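Colleague: need coordinates for the below:
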Amino acid sequence: MHPMDQFVVHPLFGDGPIHWYTPTNVTLWMAIAVLLIALMMVVGTRGRAIVPSRFQSIAELAYGFVRKMVEDVAGKDALPFFPYIMTLFMFIVFANFLGLVPMSFTTTAHIAVTAMLALAVFLTVTIVGFVKNGTKFLGLFWVSSAPLPLRPILAIIELISYFVRPVSHSIRLGGNMMAGHAVIKVFAGFAGVLGVGAVAPIAAITAIYGLEILVAFIQAYVFTILTCVYLKDALHPSH
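Modeller: Okay, the predicted model is just below:
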C-alpha cells in the first residue's frame with residue numbers, strides 16, 4: 001500500500017483520460033459534502049422549533065460560532081460577507097470530516113481544491129478593498145509608522161506577502177490534511193505486515209485518528225479566521 005494512493009484522482013465512469021468536465025471521485029465527495037450541508041442547514045432547521053432538534057442545535061451552534069468570529073475579527077462592517085464565510089467554513093469542515101470516513105476521499109487534501117478556495121478569498125478581498133476604499137486600499141502596503149527610509153523596503157515586503165497569501169492559505173489546509181492521512185496509511189501498512197504483532201501500529205493509528213478529528217476542525221477554523229483577517233484588511237486598510 002503506497003501512502004499516496006489514497007489521493008489519486010480517477011474518473012467515476014470508465015478508465016479514460018480526465019478532462020475538466022469529467023466526473024471524478026473529487027466531484028463525488030464534494031457533492032456529498034454540499035448535500036450534507038444542505039440537509040443540516042435547510043432540512044434540519046426547517047421546523048425552527050423552540051426546543052431544537054439535534055440537527056437544528058448543531059446548525060444554530062455553527063451559525064453563532066461563525067457569526068461571532070466574523071464580528072470579533074473583522075468587525076460589524078464585515079457582516080454582509082457572513083454568508084460567504086459561513087459557506088466556506090461549513091464546506092471545509094464537512095469535507096475534512098468526510099475524509100475521515102473509511103474508503104472515502106479527502107477533497108481538501110488536494111491543492112487544486114484548496115487553491116481555488118484561497119484564490120476566491122484573495123480576489124474577493126482585493127476587489128472589496130478597492131471598491132470600498134479606492135486607492136486608499138494601497139495604504140495597506142505603506143507602513144506609515146516606520147522611519148521614512150525604511151518605508152519603501154517595507155512596502156515591497158508587504159506587497160510580496162500580500163500576493164503570497166493565497167499560496168500559504170491553500171498549502172496550509174491541503175498540506176495538513178494530506179500529511180495526517182498519509183501517516184495513518186503508513187501505520188496501516190505496518191499493521192498489515194506485522195500481523196499478530198500489530199498492536200503498536202493499531203494503537204498509533206487510533207491516536208493519530210483522534211488527532212485528525214481535531215485537526216479537521218482546527219484547519220477549517222484557521223482557514224476561516226484568516227479569511228476574516230484578510231477581510232478586515234480590505235475594509236480597514238490603514239496600518
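Colleague: C-alpha from now on. contacts and neighbour counts both.
Modeller: Noted.
Colleague: looking at this, residue 123 is in a strand?
Modeller: No. Under DSSP: H, G, I helix; E, B strand; the rest coil, residue 123 falls outside any strand and is assigned helix.
Colleague: any idea how many residues pack against it?
Modeller: Neighbourhood size, residue 123 [other C-alpha atoms under 10 Å]: 12.
Colleague: can you give me the pLDDT of it?
Modeller: For residue 123, the model assigns a pLDDT of 96.
Colleague: quick check: next helix or strand after the lowest-mean-pLDDT helix or strand in the chain?
Modeller: Counting by mean pLDDT, DSSP states H and E, the weakest-scoring helix or strand in the chain turns out to be helix 151-194, with a mean of 88. For helix 151-194, the succeeding helix or strand toward the C-terminus, using DSSP states H and E, is helix 199-235.
Colleague: mind listing what's buried along that next one?
Modeller: Across helix 199-235, burial judged by 16 or more other C-alpha atoms under 10 Å covers 201-202, 204-205, 208-209, 212, 215-217, 219-221, 223-225, 227-228, 230-235.
Colleague: so what's the gap between that helix and the chain middle?
Modeller: 9 Å (C-alpha atoms, centre = their mean, to the nearest Å).
Colleague: for it, packing partners?
Modeller: Applying 3 or more C-alpha pairs under 8 Å, 6 or more residues apart in numbering; DSSP states H and E, we find helix 199-235 packed against helix 54-74, helix 82-98, helix 111-133, helix 151-194.
Colleague: just name the most buried of those.
Modeller: Highest mean neighbour count among the helices and strands packed on helix 199-235 (mean count of other C-alpha atoms under 10 Å): helix 82-98, with a mean of 20.
Colleague: tell me the angle of that helix relative to helix 54-74?
Modeller: Counting by axes from the mean of the first three to the mean of the last three C-alpha atoms, to 10 degrees, helix 82-98 lies at 120 degrees to helix 54-74.
Colleague: return helix 82-98 as CSV; C-alpha atoms alone will do.
Modeller: Only the C-alpha atoms of helix 82-98 are listed here, as CSV (Å, rounded to 0.1, in the frame of the first residue of the first chain):
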residue,chain,number,x,y,z
PHE,A,82,-21.1,36.4,6.7
PRO,A,83,-23.0,34.1,4.2
TYR,A,84,-19.8,33.6,2.1
ILE,A,85,-17.6,33.0,5.1
MET,A,86,-20.2,30.6,6.7
THR,A,87,-20.3,28.7,3.4
LEU,A,88,-16.5,28.4,3.3
PHE,A,89,-16.4,27.1,6.9
MET,A,90,-19.1,24.6,6.5
PHE,A,91,-17.8,23.2,3.3
ILE,A,92,-14.2,22.8,4.7
VAL,A,93,-15.5,21.2,7.9
PHE,A,94,-17.7,18.7,6.1
ALA,A,95,-15.0,17.9,3.5
ASN,A,96,-12.4,17.4,6.2
PHE,A,97,-14.6,15.1,8.3
LEU,A,98,-15.9,13.1,5.3
